[in-house]
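J.: could you work out the structure for the sequence below:
(one chain, ligands or ions: 1)
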Amino acid sequence: MKIAVGAMLCEGNSLTPVLTKFTDFDYAEGDKMLEKIAVTEMLKLRGCDIVPTIYAHALPGGAVIKSDFLRLANSIVDKLTPDLDGVWLYLHGAMCVENLGSAEEALLKMVRDKIGYDIPVSVAMDFHADNSDEIPRLANCVTGYRTAPHCDREETERRAMELLFYMIDNKILPRPQIARANVIICGDAVQTALSPMKDIMEAAAELEKLPGMLSVQVFNGQPWIDEEYTGPNFVVTHENDELLAKECAEKLAKMFYDKRHDFEFLVEALEPKEALLRADSAKESTVFVSDSGDNTTAGAAGDNAYMLNLLQNLGIKDALLAGIMDADACDACYKAKIGDTLTLTVGGSLSEKSEKATITGKLIHRGDILSYQYNNAGPSATLDCGDITVVITKNRAALCRPDIFESIDLDYKKFHVVVVKLGYLFPELAAEAERAILAFTPGASTERLQDMGLTKIRRPMFPLDDNFI
Ligand SMILES: [Zn+2]
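T.: Here you go, the predicted structure:
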């Protein structure tokens with residue numbers, strides 16, 4: 001059995017002007033890419049002839065530069081041959097390409113142009129996939145994460161491979177069906193372990209038990225993509241009954257719509273000033289405050305000094321700003337010596353909408369910081385500015401897990417208020433956090449649909465519109 005495998009992931013955000021480039025991806029090809037996907041053992045156990053293509057994974061960000069996307073996509077497609085028995089792809093589902101739209105749709109079209117429609121293609125995706133209508137026409141099975149925060153990445157990769165094996169063994173080429181709910185709920189109000197999403201996930205799991213059902217997948221979508229297809233979508237794959245698949249998808253879409261008023265932020269969510277003041281007066285020893293509008297794990301630039309200015313203006317003490325991206329400020333720290341006092345302007349270097357701040361502090365640490373994708377995110381510097389300690393990164397970064405803080409010898413537990421550029425805390429950080437508050441800050445990952453300035457999304461759309469069904 002000859003199977004080609006490829007992975008291309010970057011959660012897109014079309015509201016940020018900062019484009020994603022080839023060098024932003026953690027990239028591997030050949031045998032090295034096989035070490036980064038979770039299905040290699042399965043393929044070896046079945047004695048498959050494996051055709052590795054590429055693994056490319058970037059921190060969520062703006063649209064990918066078109067030529068860089070084509071370089072990635074061609075690296076996958078070039079390896080595909082007509083004698084393949086199947087193709088397995090691990091994609092995000094909300095990656096966008098400059099002047100092109102959905103990266104997944106563009107890639108899958110290129111795949112079909114190369115191999116035609118007689119070879120099964122199985123796709124694993126993120127729970128936040130915004131699938132266009134073309135996706136289920138181009139793939140034979142679409143499955144995805146079933147947890148948010150995500151804890152089932154590898155399981156999802158393996159399920160997509162099991163489904164591919166099933167399609168090959170049974171010589172079937174299913175046609176997945178899609179339905180949509182015209183409801184945009186930000187990811188930070190959607191956790192699969194909690195109602196109402198828990199109820200929807202359970203309903204999907206029940207439908208998946210129907211005979212011949214291959215995958216019943218709920219996708220919350222990613223709200224920061226300005227496209228007609230943005231929002232929750234339900235992709236159902238039955239081995240031969242397309243009508244039943246369509247009915248199940250529509251049932252879940254209706255259920256989601258009916259529960260639209262029941263979604264709420266699952267952590268304390270406040271205006272920025274109130275969030276910082278509440279954290280400052282909290283009895284817990286460490287309180288996280290999420291700068292949710294500049295959330296790098298939702299694709300925002302991560303260069304906005306809005307919260308840094310607010311911390312300074314409010315006179316908050318014992319605070320850690322983790323962190324802010326500013327290449328020039330980081331370079332200046334590398335030209336100085338540890339212990340030197342520096343005055344720097346930080347922020348606003350990528351996005352012109354981002355604020356700048358001036359800080360003066362003692363350089364206490366320099367070193368490379370671990371990335372979101374577990375590789376090297378490049379240089380970082382830590383400045384002790386008295387009341388506030390500031391982490392400056394040369395590249396966009398995400399201090400979303402304890403191991404990332406450890407990579408720069410930073411003990412966040414020593415601070416009372418820790419500002420992070422996240423939405424809800426990642427599970428690894430949430431497990432250690434005594435308390436977390438989400439601040440409704442402005443930016444490309446704003447939590448408020450009315451502030452997103454979306455112009456292409458379909459209408460009516462809750463919460464901009466209501467009671468339209
Ligand atoms: Zn996601």
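J.: and the residue in the chain positioned nearest to the ion, how far from Tyr55?
T.: When scored by C-beta to the ion, the chain has His128 as its residue closest to the ion, at 3.6 Å. All C-beta spots, glycine's among them, are computed from the backbone N, C-alpha and C. Taking C-beta to C-beta, to the nearest Å as the measure, His128 falls 20 Å from Tyr55.
J.: write out the residues of this protein neighbouring the ion.
T.: Neighbours of the ion within the chain, by C-beta under 5 Å from the ion: 126, 128.
J.: all the helices of the stretch 251-400 of the chain, residue numbers only.
T.: For the stretch 251-400 of the chain, the helices defined by DSSP state H, counting those that start in this stretch occupy 272-280, 306-314, 327-335.
J.: which of the residues in the last one are buried?
T.: So the one you mean is helix 327-335. Neighbour-count burial for helix 327-335, counted by 16 or more other C-beta atoms under 10 Å, picks out 327, 329-330, 332-333.
J.: mind listing the helices for the stretch 101-250 of the chain?
T.: For the stretch 101-250 of the chain, the helices defined by DSSP H, counting those that start in this stretch cover 103-115, 135-138, 153-169, 197-207, 242-258.
J.: what domains does the record give for this protein?
T.: Structurally, the chain divides into domains by automatic domain parsing as follows: 2-262, 268-446.
J.: how far does the shortest one stretch from one end to the other?
T.: Meaning domain 268-446. Length of domain 268-446, first residue to last, C-alpha to C-alpha, to the nearest Å: 16 Å.
J.: now it: how far from the chain's centre is it?
T.: How far domain 268-446 lies from its chain's middle: 19 Å, per C-alpha atoms, centre = their mean, to the nearest Å.
J.: tell me which of the domains of the chain lies nearest to Ile457.
T.: domain 2-262 (5.1 Å; C-beta to C-beta).
J.: I'd like the average pLDDT over that closest one.
T.: Domain 2-262 comes out with an average pLDDT of 97.
J.: returning to that earlier point: turn the domains of the chain into a markdown table, columns for distance to Phe468.
T.: Output for the domains of the chain, formatted as a markdown table (distance: least, C-beta to C-beta, whole Å):
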| stretch | distance to Phe468 |
| --- | --- |
| domain 2-262 | 7 |
| domain 268-446 | 24 |
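J.: ok, which of the ones you listed comes nearest Arg459?
T.: Proximity to Arg459, assessed across the domains of the chain by C-beta to C-beta, is greatest for domain 2-262 (7.8 Å).
J.: centre of the chain to the closest one, how far?
T.: 13 Å.
J.: and that domain, how far apart are its ends?
T.: Across domain 2-262, the terminal residues are separated by 47 Å (C-alpha to C-alpha).
J.: follow-up on the earlier one: including mean neighbour count, could the helices of the stretch 101-250 of the chain go into JSON lines?
T.: Formatted as JSON lines, the helices of the stretch 101-250 of the chain follow (neighbours: other C-beta atoms under 10 Å):
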{"stretch": "helix 103-115", "mean neighbour count": "20"}
{"stretch": "helix 135-138", "mean neighbour count": "21"}
{"stretch": "helix 153-169", "mean neighbour count": "20"}
{"stretch": "helix 197-207", "mean neighbour count": "17"}
{"stretch": "helix 242-258", "mean neighbour count": "19"}
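J.: Gly86 is nearest to which of those?
T.: In terms of C-beta to C-beta, the element of these nearest to Gly86 is helix 153-169, at 4.7 Å.
J.: against which helices or strands is that closest one packed?
T.: helix 40-45, strand 86-91, strand 121-125, strand 141-144, strand 213-219 (3 or more C-beta pairs under 8 Å, 6 or more residues apart in numbering; DSSP states H and E).
J.: direction included, what does the longest one pair against?
T.: When sheet partners are counted by DSSP bridges, strand 213-219 sits next to strand 233-238 (antiparallel).
J.: got the CA positions of the partner strand in CSV?
T.: What follows is strand 233-238, C-alpha atoms only, in CSV (Å, rounded to 0.1, in the frame of the first residue of the first chain):
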residue,chain,number,x,y,z
ASN,A,233,-19.1,24.2,10.1
PHE,A,234,-20.1,20.5,10.4
VAL,A,235,-18.5,18.0,8.1
VAL,A,236,-20.0,14.5,8.0
THR,A,237,-18.6,11.6,6.1
HIS,A,238,-20.6,8.5,5.5
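J.: may I see the buried residues of it?
T.: 233-238.
J.: tell me the angle of that strand relative to helix 242-258?
T.: If you take axes from the mean of the first three to the mean of the last three C-alpha atoms, to 10 degrees, strand 233-238 sits at 150 degrees to helix 242-258.
J.: hey, where'd the strands end up in the stretch 351-469 of the chain?
T.: Applying DSSP state E, counting those that start in this stretch to the stretch 351-469 of the chain gives strands spanning 357-370, 376-384, 388-393, 417-420, 435-439.
J.: need the ones you listed in TSV (columns: distance to Thr16, mean neighbour count and mean pLDDT).
T.: Converted to TSV, the strands of the stretch 351-469 of the chain look like this (distance: least, C-beta to C-beta, whole Å; neighbours: other C-beta atoms under 10 Å; pLDDT from 0 to 100):
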stretch	distance to Thr16	mean neighbour count	mean pLDDT
strand 357-370	20	17	98
strand 376-384	18	21	97
strand 388-393	16	25	98
strand 417-420	18	28	98
strand 435-439	19	21	97
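J.: to Gly348, which of these lies closest?
T.: Nearest of the strands of the stretch 351-469 of the chain (C-beta to C-beta): strand 357-370, 8.8 Å.
J.: circling back to that earlier point, can you list the helices of the stretch 251-400 of the chain in a markdown table and add mean pLDDT?
T.: Formatted as a markdown table, the helices of the stretch 251-400 of the chain follow (pLDDT from 0 to 100):
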| stretch | mean pLDDT |
| --- | --- |
| helix 272-280 | 98 |
| helix 306-314 | 98 |
| helix 327-335 | 98 |
